[in-house]
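# give the three-dimensional model of this entry:
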Amino acid sequence: MSTVAPVLDGTVVLSTGATLALAPRVLRPGARPGHTAAPRPGTRPSTRPGTRPPRSRAPGPEALLALVGVLFLLNQLAFAVHVRRVHDGSTAFIARHLPPGWFAVPRDSRTIDWLAAHTPAPELLAPSVLRVQAFLELPLVLLAFAAVLRRLDRSLYVRVAGSPLLPLAAASYTAAFCAVEWDLRNPYTVDDILLRIASALVTPLLLARIASREPDTGPTAPRPVVFAIELWAYGQLMLVFYDTVLLYNLARLDEQRLVRAVVALSVLAATRFVPRSDATPGPRVAALTDALGRGLVLFFVPALAVRYAGSFGTPALAAAAGAVVLVAATARLALPVAAGAAAGCLTVLCFTDPYYEAALLRAAVVALGTAGTVCAFLDASRKPLDALS
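So this is what the prediction gives:
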């Protein structure tokens, strides 16, 4: 057990308790903060004095997530140039402080060669060594969650972003990041911790502001199987990003990983044009979509602490917290959830992955797809919801 295990374990307990206490109020459908009903067809908007004019739409979380990804890539280029010019191409000055598997910098790259040759003051790129990344990691994970949740249910995304769950998640994630940062101490640790705290103060405010400008599209038809495909695509992007950019391994961005990223981006672009059915969904499909929303919201705050507690803390405690969230989210869908869980477990047993996050993603997507199919089949059989659930 690492020296920071008590911090991670305490964060798991506190964040799980907080989300179980606060999430039910957020999950309860209600009026959106600051939202006013749209005028009826044929009527003109009110122009009375004092009426707030309509606000312009802010960029969504997907656009900002793409921007953060670009900033990460630019930082990787800056890091490669800094290493090439200031440290003679060797990453030993920082690699010796961290576990193996980091800092695979491209050695034969015309782009980096050109940048290195035309950068007038490469020593000014020193913050690219861990510091920039320390500030950007929290926006990356929070925006990724927001983008996924928005794909499932825009109204729920807005409610979560305007609730106390968002700053609590930022605090929980920052505590986990800082604990791991301290466990892997290096010459930049203090700087990184201060930057992570600053990011935790700024990022929730930004995300809440852009969510408050989300246009009200009204209720949308649930489509859990399509969401499972979108979840797979987002997961593939994050895994490629983690294996290359987050670990300063830009040299690993080979053709295979680029193809995976392009396929995932194409899937996300294509599913935006899949029409939503106007038909009333069956009770189990609707219940599964509701369970997905509950699961995402309940897991939002403790997610990162649970992930790191599995490696740096107490794995049994992390597993227990995950089980509590799963049971709370899927209480009324016993048969579909059991079928999905069995399919997910079988997937884990049949495939091996370099990262357990990759195995978890594949299992989650298979489980969700299986549960969605079972729900649709049971709805088609027109059995009462309580009969087979």
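# check Thr36 and give its pLDDT.
According to the per-residue confidence, Thr36 scores 40 in pLDDT.
# right, I mislabeled it, should have said Phe241
Looking at Phe241, its pLDDT stands at 93.
# kindly report the same for Thr347.
As summarised for this prediction, Thr347 has a pLDDT of 79.
# which SSE is it in?
Taking DSSP states H and E as the definition, Thr347 sits inside helix 334-350.
# what's that helix packed up against?
If you count contacts as 3 or more C-beta pairs under 8 Å, 6 or more residues apart in numbering; DSSP states H and E, helix 334-350 packs onto helix 283-300, helix 356-380. No exception for glycine: its C-beta is placed from N, CA and C like everyone else's.
# and the longest one, which residues are buried?
Of the residues in helix 356-380, those buried by neighbour count under the rule 16 or more other C-beta atoms under 10 Å are 358-359, 361-376, 378-379.
# give me the angle between it and helix 334-350.
Orientation of helix 356-380 against helix 334-350 (axes from the mean of the first three to the mean of the last three C-alpha atoms, to 10 degrees) gives an angle of 150 degrees.
# helix 356-380 - what's its average pLDDT?
For helix 356-380, the mean pLDDT works out to 75.
# how about stretch 322-339?
For stretch 322-339, mean pLDDT is 73.
# and for stretch 100-117?
With pLDDT averaged residue by residue, stretch 100-117 scores 90.
# next one: that stretch to chain centre, how far?
Distance of stretch 100-117 from its chain centroid, counting by C-alpha atoms, centre = their mean, to the nearest Å, is 28 Å.
# report the buried residues of that stretch.
Phe103, Ala104, Val105, Pro106, Ser109, Ile112, Leu115, Ala116.
# which of those sits closest to Pro164?
Closest to Pro164 out of the buried residues of stretch 100-117 is Phe103 (38.3 Å), distances taken as C-beta to C-beta.
# may I have the phi/psi pair for that closest one?
Main-chain torsions, Phe103, degrees, to the nearest 10: phi 60, psi 50.
# neighbours around the residue nearest to it when sequence neighbours are not counted, how many?
By the measure of C-beta to C-beta, 6 or more residues apart in numbering, the closest residue to Phe103 outside its immediate chain neighbours is Thr91, 3.9 Å from it. Counted with other C-beta atoms under 10 Å, residues neighbouring Thr91 total 18.
# Thr91 and Asn249: what is the separation?
If you measure Thr91 against Asn249 using C-beta to C-beta, to the nearest Å, the figure is 11 Å.
# circling back: now tabulate the helices and strands packed on helix 334-350 in a markdown table and tack on distance to Ser199.
Output for these, formatted as a markdown table (distance: least, C-beta to C-beta, whole Å):
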| stretch | distance to Ser199 |
| --- | --- |
| helix 283-300 | 17 |
| helix 356-380 | 22 |
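# so Pro99: helix, strand or coil?
coil (DSSP: H, G, I helix; E, B strand; the rest coil).
# quick check: closest non-adjacent residue to it.
Going by C-beta to C-beta, 6+ apart, Pro99 has Leu184 as its nearest residue, at 7.3 Å.
# neighbours of the one you found, just the number please.
Leu184 - counted by other C-beta under 10 Å - has 16 other residues nearby.
# ok, it touching Arg96?
No - between Leu184 and Arg96 no contact is recorded; they are 11.9 Å apart, counting by C-beta atoms under 8 Å.
# how about the buried residues of stretch 100-117 in a markdown table, adding distance to Val148?
Output for the buried residues of stretch 100-117, formatted as a markdown table (distance: C-beta to C-beta, whole Å):
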| residue | distance to Val148 |
| --- | --- |
| Phe103 | 30 |
| Ala104 | 28 |
| Val105 | 31 |
| Pro106 | 31 |
| Ser109 | 33 |
| Ile112 | 33 |
| Leu115 | 34 |
| Ala116 | 37 |
